[in-house]
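# just a sequence and a predicted model for now, questions to come.
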Amino acid sequence: MRKKLFRRYLLSYSFYQIILLFNFPIVSDAQVPLTIYEETNGKHTATYFQVIDFYQRLDELSPKVQMQSMGTTDAGYPLHLVLFSNDGKFDPRRWQSGNKVVILINNGIHPGEPDGIDASMMWVRDLVTGRKRISDSVVLAFIPVYNIGGALNRSAFYRVDQNGPAEFGSRGNGQNLDLNRDFIKADSRNARSFAVIYQYLKPDIFIDNHVSNGADYQHIMTLISSQHNKLGGRLGEFMNKQIEPSIYRMMKERGYDLIPYVNAFGDTPESGWPEFLEGPRYSSGYATLFNSFAFVPETHMLKPYSQRVDATYALMECFERYAAANADTIRQIRKIAQEEQLNRSVFPVQWVLDRSRFTEISFKGFEAGRKPSAVSKLPRLYYDRNKPFDKKIKFYNQYVASVEVTAPRAYIIPQGWWKVIERLQDNGVKMERLQRDTVLEVEALMINENKVSSRAFEGHYLNNSVKVSRKLIKKSFRRGDWLIQTAQPAKRFLVEVLEPEAMDSYFTWNFFDPILSQKEGFSSYVFEDTAEKLLAENPQLKMQLEEKRATDTSFARNAYQQLDFIFKNSPYAEPDHNRYPVFRLLN
């Protein structure tokens, strides 16, 4: 069977490709590994161990392939990184300083969506054999399986609505986390290791292969691109005006009607949908914090597995060919954007959809209808595949900033918040420790208001709708506390994780929740005498108390609330209660 398939590959070569075989190390018939996907005619996807064995074999066969272990995961197995370079040199620092475009491809973040796992294996194999080629100006990097714990937890019964393969892994990882919500909070070892990989490679283009849920339609492949307004500036304009149209055109030439991710879950798609806004919790949103062009391919779950794998393979090739043709421009525009970011002072941290603006796109769908359910006997939605259509629909792809913050010259974080410090270090943030106890004038933020989600989300009760007040104070810092200058490549990352109003800040993800609970208090019967003395010595406080009693009848009837009001407006008040423990150095 293996020999037959290899002979089929050779017969499909052009004369030029056969010549290439003699210019590079030749891999013999017996040496060529086939994927489980190919051996089973597209019915099965490889297990985690088969994937790793496959890449180890390619590493042994070809000097152009190198597989590295890059940290650990919640499953106890290492997170691997596979590199492919035409010249057989694997030094990311040289790639970054030279003329190479680095493309990082992540697979198996949701192992029940294994299309990218199998497509990447075949692509690297075809590059090793010479059946396919990439430009010398491009380097490929693959995470073969990101969610190893989920991949090990295989079943035929996950993703009940998906059309193949026969069995696959589960969405939850070794902690039952959805790893595509973990890039900022980094509760998993996987995410901590991923951050190290990202800072090691500093990719120009990032691709995270997925499979969609939702409506039925004709398109095999959909695509989430970094939302161009949020990506911002030159990068956002280049993404929206150059990269996306080119990729769509290239896929069309290969027979695929690519369409933006069908983000329509409350209605049928022909009414249009908003572009997916990927916050930094998601892989592509995380990548944009470091000025990478990021994409999430989403094949359509109802299409046969072989069609989905083929489409994923084709799309990855299109990205490589675009990168090769525009290598100098991509690297130059990223360099300019990074320099501009260093000089930027105001950063948007929350976004809202602008429904007054939209783009019309061609959508190939199926007519939707309602019919009695055989289960509930009530009306149910269905799509009639005998009634395909091609319509222009509204794609709402414009977002505007709703909250902006001004970056300080530096942040200061007391050393006790080590969980935050470790995550900043994982992400390549440059920081220094204070060498002596120091008093500095800093801007301190008080958390005046926040709403907490009523249900747990990925192990957290998120803080939302955060309102803060700001005040300059003299603050004593201790030797060993951390000073973080914002004039560094991670500037945008720092703003988005350290400003509490940001959509996926560390405050949003509960890293600073201990400040929200009061640690010091009073005994009412003892504090009564102290409160009486405080009012006698402070007419202003007494007037404030009387005004509140006059306007708040519930407060006027509650003796404890009145004592608490006096306590919180006195020198005895706990200074760190609701005071955000990341301080801003303005000058």
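Nice, thanks for sending it over.

# run a quick neighbour tally on Gly428.
Gly428: 17 surrounding residues under other Cβ atoms under 10 Å. Using the backbone N, CA and C atoms, a C-beta is placed for each residue, glycine as well.

# pretty sure it contacts Ala490?
Yes - the criterion here is Cβ atoms under 8 Å, and Gly428 meets it with Ala490 at 6.0 Å.

# quick check: neighbours shared by these two?
Counting by Cβ atoms under 8 Å, 6 or more residues apart in numbering, Gly428 and Ala490 have no common neighbour.

# which regions of this structure sit below the pLDDT cut-off?
Along the chain, the model assigns pLDDT under 70 to residues 1-30.

# please parse it into its domains.
The chain breaks down into these domains under automatic domain parsing: 33-343, 359-400, 401-518+577-585, 524-568.

# how distant is the third one from the center of its chain?
Centroid displacement of domain 401-518+577-585 relative to its chain, using Cα atoms, centre = their mean, to the nearest Å, is 20 Å.

# just name the most buried of the domains of the chain.
Stretch with highest mean neighbour count among the domains of the chain: domain 33-343 (a mean of 20; mean count of other Cβ atoms under 10 Å).

# quick check: end-to-end length of that one?
End-to-end distance for domain 33-343, by Cα to Cα, to the nearest Å: 50 Å.

# helix or strand right after the longest strand seen in the chain?
Counting by DSSP state E, the longest strand found in the chain is strand 379-396. As assigned by DSSP states H and E, the chain's next helix or strand after strand 379-396 is strand 399-406.

# which element follows that next one toward the C-terminus?
Per DSSP H and E, strand 399-406 leads on to strand 410-413 as the next helix or strand towards the C-terminus.

# what's the spacing between the spatially closest residue to Gly459 that is not a sequence neighbour and Ala407?
Closest residue in space to Gly459, ignoring its immediate chain neighbours: Asp187 at 5.9 Å, by Cβ to Cβ, 6 or more residues apart in numbering. Distance, Asp187 to Ala407, by Cβ to Cβ, to the nearest Å: 27 Å.

# got it, and Tyr506?
Distance, Tyr506 to Ala407, by Cβ to Cβ: 16 Å.

# same check on Arg133?
As judged by Cβ to Cβ, Arg133 and Ala407 stand 44 Å apart.

# what do you get for Leu289?
Counting by Cβ to Cβ, the gap from Leu289 to Ala407 is 13 Å.

# try Thr40
Counting by Cβ to Cβ - Thr40 and Ala407 are separated by 53 Å.

# so which elements touch the strand or helix carrying Val128?
Assigning secondary structure by DSSP H and E places Val128 in helix 115-129. Packing partners of helix 115-129 (3 or more Cβ pairs under 8 Å, 6 or more residues apart in numbering; DSSP states H and E): helix 36-39, helix 48-61, strand 78-84, strand 101-106, strand 138-143, helix 305-325.

# which stretch among those comes nearest Leu277?
Across the helices and strands packed on helix 115-129, Leu277 has its closest neighbour in strand 101-106 (19.8 Å, Cβ to Cβ).

# make sure Leu235 is indeed in a helix.
Yes - judged by DSSP: H, G, I helix; E, B strand; the rest coil, Leu235 forms part of a helix.

# which secondary structure element is home to the residue lying closest to it once chain neighbours are set aside?
In space, and not counting its chain neighbours, Leu235 is closest to Ala337: 4.8 Å by Cβ to Cβ, 6+ apart. Using DSSP H and E, Ala337 sits within helix 327-343.

# would you mind identifying the next helix or strand past that helix?
Remark: after helix 327-343, the chain's next helix or strand is strand 346-353, criterion DSSP H and E.

# which residues does Asp426 contact?
Counting by Cβ under 8 Å, 6+ apart, Asp426 touches 186, 192, 195-196, 199.

# and it, how far is that from Lys387?
Applying Cβ to Cβ, the value for Asp426 to Lys387 is 51 Å.

# in this structure Phe265 contacts Ser271, no?
No - counting by Cβ under 8 Å, Ser271 is not a contact partner of Phe265; they are 11.9 Å apart.

# what lies in contact with the helix or strand harbouring Glu546?
Assigning secondary structure by DSSP H and E places Glu546 in helix 539-551. Residues outside helix 539-551 that contact it (Cβ under 8 Å, 6+ apart): 534-536, 555-556, 562, 565-566, 569-570.
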